[in-house]
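# Provided below for reference: sequence and predicted model.
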Amino acid sequence: MLKNSLPKIITDTLPGSKSKEIIEKREKNVPGAIRCGYPCVIEKGEGAVFQDPDGNVFLDWVGGVGVLNIGYSQPELIEAVKDQSEKYFHAMMNIVTHEGYVELAEKMNQIVPVKSEVRKTMFANSGAEADENAVKIAKAYTGRPNIIVFSGAFHGRTVMTMAMTSKKAYAVGMGPFPDGVYRAEFPYLYRAPKGYSESEAIDYYVEKLYKVFEECSPAQYVAAIVAEPIQGEGGFIPAPIEWVKAVRKICDENGILLIADEVQCGFGRSGKMFVSQYWKDAGCAPDIITSAKSIAGGVPLSAVTAGAEIFDAVPAGTIGGTFCGNALACASALKVIEIMERDGLCERAAEIGEKCFARFGEWKEKYEAVGDVRGIGAMIGIEFVKDKSTKEPAPELVSRLISSCASKGLIVENAGTYGNVVRFLAPLVITDEQLEAGFEIMEKSIIECCSER
């Protein structure tokens with residue numbers, strides 16, 4: 001079966017002839033701004049691997065950028081969507097109540113660890129939509145105009161979420177952006193001021209947040225502070241729990257809502273269903289959580305979950321949309337959650353993470369180019385540098401690594417402000433044999449690419 005296959009390249013070149021033909025058609029018909037630098041086309045996928053039209057098999061450590069936590073083409077998921085499709089494809093919740101939306105909202109209210117125990121959930125279509133709706137909801141509840149986001153943040157490509165996103169390569173030429181979005185420095189401990197201990201660094205970053213109140217927006221005008229529990233595009237940087245406690249305290253003292261963007265890090269990736277569960281266990285749960293990516297196994301869907309009292313303050317007609325909570329997507333999401341809970345995929349994420357941290361840690365000791373290894377569970381970043389002492393980023397090396405790995409059948413992707421981080425987001429159904437094959441390819445590529453410098 002394909003799902004148990006190991007990576008294997010059988011063509012003399014990549015892409016092979018059939019894939020090349022499709023890629024050439026793409027170049028003619030699809031905007032170049034939707035970039036793709038990989039020499040592969042998917043014909044079918046199962047588990048953590050996919051096969052191209054030429055018969056090459058690729059191991060996927062990207063998983064649709066966190067979408068495929070339960071893997072490609074899960075048979076039960078196919079059946080759930082098929083069953084729903086035979087009843088109806090769509091029912092807009094403003095016109096006709098459909099049970100799948102209600103059941104999924106009820107399930108999300110049970111499992112999403114927001115601060116309030118009485119919860120409500122709305123659905124949208126993408127992570128960006130979820131984040132933008134979360135901001136609208138926070139403004140409605142607090143009656144305040146401003147929000148605070150962080151360096152390294154990625155929240156989407158709508159006009160509002162481009163303003164919220166730190167890396168402006170995602171927003172070139174797209175301004176002007178909405179006012180009232182202010183930025184503090186995220187606790188990137190690997191790049192904290194030199195000589196600081198972890199506790200000193202956290203104090204430093206907390207003080208940076210207070211500076212935003214002084215220099216940008218007084219606290220009484222801030223509706224929400226929006227943070228990723230593990231920054232995704234920013235370089236797979238976990239928010240230190242002591243920093244989260246401090247931010248939660250600041251929010252409570254000033255009537256500010258804390259929003260956790262779990263679009264990429266949610267749904268089992270961290271070893272718990274949501275990273276915010278770690279926050280809640282430490283007494284600093286967020287008020288609102290956004291989720292998407294793996295929520296429906298690849299069918300477009302996102303969610304915003306918050307306390308009922310927060311949602312009840314939102315004026316009618318200001319949230320929702322035609323396709324929000326589509327019937328097929330809700331059926332898929334209900335089955336995804338069932339499978340994740342039944343098959344212990346959170347526990348599997350923790351197991352995968354242990355294996356990865358052990359191997360990546362060895363590389364950190366062996367290779368001067370591996371500067372840092374960080375993450376939670378099976379969401380891990382490897383930061384590559386030119387020199388361990390200076391920590392100068394090595395984006396060119398990472399670009400070569402990505403190409404080298406792809407040529408051997410392993411798909412990896414970069415991340416980080418400087419593009420010098422390799423992210424690990426493999427589907428949680430990856431086998432131990434496939435994981436080991438990926439380790440071997442990655443290390444071989446590290447050795448090859450470092451020798452080219």
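Here it is on my side, so go on. Source: prediction; values computed, not measured.
# so residue 259 lies in a helix, does it not?
No. Using DSSP: H, G, I helix; E, B strand; the rest coil, the assignment for residue 259 is strand, not a helix.
# count of neighbours near it?
Residues within reach of residue 259, counting by other CB atoms under 10 Å, total 29. The C-beta positions use only the backbone N, C-alpha and C, and glycine is treated the same way.
# what about this protein, any weak spots by pLDDT?
Within the chain, the segments meeting pLDDT under 70 span 453.
# in the lengthiest helix in it, what counts as buried?
Across the chain, the longest stretch assigned as helix under DSSP state H is helix 345-366. Within helix 345-366, the residues scored as buried using 16 or more other CB atoms under 10 Å are 345-346, 348-353, 356-357, 359-360, 363-364.
# with stretch 398-417 instead?
Quick answer for stretch 398-417 (16+ other CB under 10 Å): 398, 400-402, 404-406, 408-417.
# just the CA trace of it, in PDB.
Taking C-alpha atoms only, stretch 398-417 is exported to PDB below (Å, rounded to 0.1, in the frame of the first residue of the first chain):
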ATOM      1  CA  VAL A 398      18.200  26.100   3.700                       C
ATOM      2  CA  SER A 399      17.200  26.700   0.100                       C
ATOM      3  CA  ARG A 400      19.800  24.200  -1.000                       C
ATOM      4  CA  LEU A 401      18.700  21.800   1.600                       C
ATOM      5  CA  ILE A 402      15.100  21.900   0.400                       C
ATOM      6  CA  SER A 403      16.100  21.200  -3.100                       C
ATOM      7  CA  SER A 404      18.500  18.400  -2.100                       C
ATOM      8  CA  CYS A 405      15.900  16.700   0.100                       C
ATOM      9  CA  ALA A 406      13.300  17.000  -2.700                       C
ATOM     10  CA  SER A 407      15.700  15.300  -5.200                       C
ATOM     11  CA  LYS A 408      15.800  12.400  -2.800                       C
ATOM     12  CA  GLY A 409      12.100  12.100  -2.200                       C
ATOM     13  CA  LEU A 410      11.700  14.200   1.000                       C
ATOM     14  CA  ILE A 411       9.500  17.300   1.000                       C
ATOM     15  CA  VAL A 412      10.500  20.000   3.600                       C
ATOM     16  CA  GLU A 413       9.700  23.700   3.800                       C
ATOM     17  CA  ASN A 414      11.400  26.800   5.200                       C
ATOM     18  CA  ALA A 415      10.100  29.200   7.800                       C
ATOM     19  CA  GLY A 416      11.300  32.100   9.800                       C
ATOM     20  CA  THR A 417      11.900  35.800   9.400                       C
END
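# returning to that earlier point: now do the helix or strand just after the longest helix of the chain: which elements does it pack against?
Using DSSP states H and E, the helix or strand that follows helix 345-366 in sequence is strand 370-376. When contacts are defined as 3 or more CB pairs under 8 Å, 6 or more residues apart in numbering; DSSP states H and E, strand 370-376 sits against strand 237-238, helix 345-366, strand 379-384.
# for residue 163, which of the ones you listed is the nearest?
Nearest to residue 163, of all those, is strand 237-238, at 20.8 Å by CB to CB.
# what helices or strands is that closest one leaning on?
So strand 237-238, by 3+ CB pairs under 8 Å, 6+ apart, packs with strand 230-231, strand 370-376.
# now those in TSV, with distance to residue 103 and mean neighbour count?
Formatted as TSV, these follow (distance: least, CB to CB, whole Å; neighbours: other CB atoms under 10 Å):
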stretch	distance to residue 103	mean neighbour count
strand 230-231	29	27
strand 370-376	29	22
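# ok, which of those comes nearest residue 432?
strand 370-376 (19.1 Å).
# run a quick neighbour tally on the spatially closest residue to residue 416 that is not a sequence neighbour.
Distance criterion CB to CB, 6 or more residues apart in numbering; nearest residue to residue 416, sequence neighbours excluded, is residue 235 at 3.4 Å. Neighbourhood size, residue 235 [other CB under 10 Å]: 26.
# and residue 235, that one's in a strand?
No. Assessed with three-state DSSP, residue 235 is coil; it does not lie in a strand.
# pretty sure it sits against residue 415.
Yes. Look at residue 235 against residue 415 with CB atoms under 8 Å: they come within range, at 5.3 Å.
# give me the common contacts of the two.
381, 421 (CB atoms under 8 Å, 6 or more residues apart in numbering).
# between the two ends of stretch 383-401, how far is it?
12 Å (CA to CA, to the nearest Å).
# then stretch 381-394?
14 Å.
# residues making contact with that stretch?
190-191, 235-237, 360, 363, 368-375, 397-398, 401, 415-416, 418-424.
# can you give me the distance of the residue nearest to residue 416 to residue 170?
With the distance defined as CB to CB, to the nearest Å, residue 235 ends up 14 Å from residue 170.
# same check on residue 100?
Taken as CB to CB, the span from residue 100 to residue 170 is 33 Å.
# ok, back up a step: keep only those of the buried residues of stretch 398-417 that are in helices.
Per DSSP H, these map to helices at 398, 400, 401, 402, 404, 405, 406.
# just give me the closest of the residues you listed to residue 2.
Out of those, the member with the shortest distance to residue 2 (by CB to CB) is residue 406, at 18.5 Å.
# sec struct for the residue nearest to that closest one when sequence neighbours are not counted, please.
For residue 406, ignoring the flanking residues on the chain, the nearest one in space by CB to CB, 6+ apart is residue 38 at 5.7 Å. Secondary structure, three-state DSSP: residue 38 is coil.
# picking up where we left off before, contacts only, for the residue nearest to residue 416.
Contacts of residue 235 by CB under 8 Å, 6+ apart are 152, 188, 381, 383, 415, 416, 417, 421.
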